[in-house]
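Participant: Mind looking at a prediction? Sequence and model below.
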Amino acid sequence: MVGVSGVRGVVGESLTPDVVMKYSSAFGMLCQSGKVVLGRDTRVSGEMVRAAVVCGLLSTGCEVIDLGICATPTVEIAVRELKANGGIIITASHNPIQWNALKFVGADGIFLSEREGRRLSDLVEKDKVKHGGWNKLGKLKFDQSWTEKHVKKVLRLSHINVQKIKKRKFRVVLDCVNGAGCVISPRFLRALGCKVIELNCKPDGNFAHDPEPIPRNLTSLCQAVKKNNADLGFANDPDVDRLAIVSEKGVPLGEEATLALATKFVLSRKPNSKVVANISTSRMLDDIAKEYNTRVYRTKVGEAHVARQLKKIRGVIGGEGNGGVILPELHYGRDALVGMALILQYLAESEKSASRLFSELPGYFMVKRKARLTRNFETNLVRLKRSFPRGRMNPLDGIRIDFEDSWLHIRKSNTEPLVRVIAEAKSKREASELVADGLRILSKS
Ligand code: MG
């Protein structure tokens, strides 16, 4: 499946060496045979996909800088610092082990825009990919220094006081789900003086549980936090752009809490600064922003949309409710290291526990469901709007309907034939009812 975020598929079925090579060659052409940074997560299929990517890039004359197994944000940083023309990350992010994908990064270190993505697929679909002769081939270089550079850059962020965090000697259980986090997160936390208890930190790509860092997949992390009497638990997704937090009580705070806590901390130091989030991210952010005399700028769902808006309006922090924190001071990509650093600094400065900080966030409950995409989707969407005459409509991405202190958002998935139905309200019952209303109208034939 080709989407805004890249090319993804099941290895051996839709994602074959042939498809990977075609898209990599086309990307090489878009990069005008210049420098391209390459990285991958720990997936078992990573080595095979890497070989096809390298082949495509070399055949179009690119200088390939291969960072090896690394975090997605590490590649984004390297693209900008090396003044490369682009980057390719081989990862299917939080998708299960049979999946893999290519994520394409532009020269600005941000995922391709919809327009750039279309130019790329056009080259492949219209058979315009050209390979160079023997004297027009590219070169391959290995550079394993970027993980360390990434760590150092986060430690040097203006919001982070390494000494202050070190003093607290936090006990942290870290679940990397045997993904790319293993090569960077344990050493990063140790550099902050944490006592790290490693869980699933073998970078072999055998995901120990469903790799999406949502509460139901974090039961072993929750247990380990309690058993080890830890101050908190962190979970990284396989390519380290999403972060989930478990409190000292062994309770998962939910992926929406990550960005809310990070935003609250950053705004407490920089009030009146702009915040950007996608349209289905929690309203906690709006309440927090209000408290600090500012507002949240909403975008379509997708990291590239949030990143571009942050850049345009010079926002101070942004991201997505799935645990993706973007801090423009470092780069315009979701970065779990940035998230971990901000949370630890917040804990150190406030001298409060994770569960206490969480309890001080605005109280909302979110319910997320999926429905099959039916042929009546557009008609039902019109029906839906009519059935909520008192709601404020926002058609930015699907439809979001805002009420006094709740909202309902319905949109087609970018990656699957699904409709996502999300509601948030002051009580779980109210949120569930909103979702049920949405599902009922969407299923009409
Ligand atoms: Mg990810």
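Facilitator: Alright, I've got the coordinates.
Participant: got the residues of the stretch 101-250 of the chain near the ion?
Facilitator: Proximity of the stretch 101-250 of the chain to the ion, by CB under 5 Å from the ion, involves residues Asp237, Asp239, Asp241. C-beta: built from backbone N, CA, C; applies to glycine.
Participant: okay, these in CSV with neighbour count and pLDDT next?
Facilitator: Output for those, formatted as CSV (neighbours: other CB atoms under 10 Å; pLDDT from 0 to 100):
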residue, neighbour count, pLDDT
Asp237, 31, 97
Asp239, 31, 97
Asp241, 32, 97
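Participant: now those as JSON lines including secondary structure and distance to Pro395?
Facilitator: Shown next, in JSON lines, are these (DSSP: H, G, I helix; E, B strand; the rest coil; distance: CB to CB, whole Å):
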{"residue": "Asp237", "secondary structure": "coil", "distance to Pro395": "30"}
{"residue": "Asp239", "secondary structure": "coil", "distance to Pro395": "31"}
{"residue": "Asp241", "secondary structure": "coil", "distance to Pro395": "28"}
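Participant: any idea which of those is closest to Asp66?
Facilitator: Asp239 (16.1 Å; CB to CB).
Participant: Isn't the closest one up against Thr74?
Facilitator: No: judged on CB atoms under 8 Å, Asp239 makes no contact with Thr74 at a distance of 9.7 Å.
Participant: any chance you could map the strands in the stretch 301-445 of the chain?
Facilitator: Along the stretch 301-445 of the chain, counting by DSSP state E, counting those that start in this stretch, strands occupy 317-320, 324-326, 365-372, 392-394, 399-402, 407-412, 418-425.
Participant: which of those strands is buried the deepest?
Facilitator: Across the strands of the stretch 301-445 of the chain, averaging neighbours per residue (mean count of other CB atoms under 10 Å) puts strand 317-320 on top, at a mean of 30.
Participant: residues in contact with that strand?
Facilitator: Contact with strand 317-320 is made by 259, 262-263, 266-267, 273, 275-278, 281, 301, 303, 306-307, 309-310, 325-328, 334, as judged by CB atoms under 8 Å, 6 or more residues apart in numbering.
Participant: Which of the strands of the stretch 301-445 of the chain sits closest to the ion?
Facilitator: Smallest distance to the ion across these (CB to the ion): 7.7 Å, for strand 324-326.
Participant: Next one: the closest one, is it in contact with the ion?
Facilitator: No: using CB under 5 Å from the ion, we find that strand 324-326 stays clear of the ion, coming within 7.7 Å at best.
Participant: Can you list the residue ranges for helices in the stretch 151-300 of the chain?
Facilitator: Remark: helices assigned in the stretch 151-300 of the chain by DSSP state H, counting those that start in this stretch are 162-168, 185-191, 219-227, 255-269, 284-291.
Participant: meant to ask about the stretch 1-150 of the chain
Facilitator: Ranges of helices within the stretch 1-150 of the chain are 17-30, 46-59, 72-81, 114-125, 146-155, based on DSSP H, counting those that start in this stretch.
Participant: picking up where we left off before, figure out which of the helices of the stretch 151-300 of the chain is closest to Lys444.
Facilitator: From the helices of the stretch 151-300 of the chain, taking CB to CB, the stretch that ends up closest is helix 255-269, at 29.7 Å.
Participant: centre of the chain versus the closest one, how much separation?
Facilitator: Centre-to-centre, helix 255-269 and its host chain are 16 Å apart (CA atoms, centre = their mean, to the nearest Å).
Participant: can the strands of the stretch 301-445 of the chain go into JSON lines with extra columns for mean pLDDT?
Facilitator: Shown next, in JSON lines, are these (pLDDT from 0 to 100):
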{"stretch": "strand 317-320", "mean pLDDT": "98"}
{"stretch": "strand 324-326", "mean pLDDT": "98"}
{"stretch": "strand 365-372", "mean pLDDT": "93"}
{"stretch": "strand 392-394", "mean pLDDT": "95"}
{"stretch": "strand 399-402", "mean pLDDT": "95"}
{"stretch": "strand 407-412", "mean pLDDT": "95"}
{"stretch": "strand 418-425", "mean pLDDT": "95"}
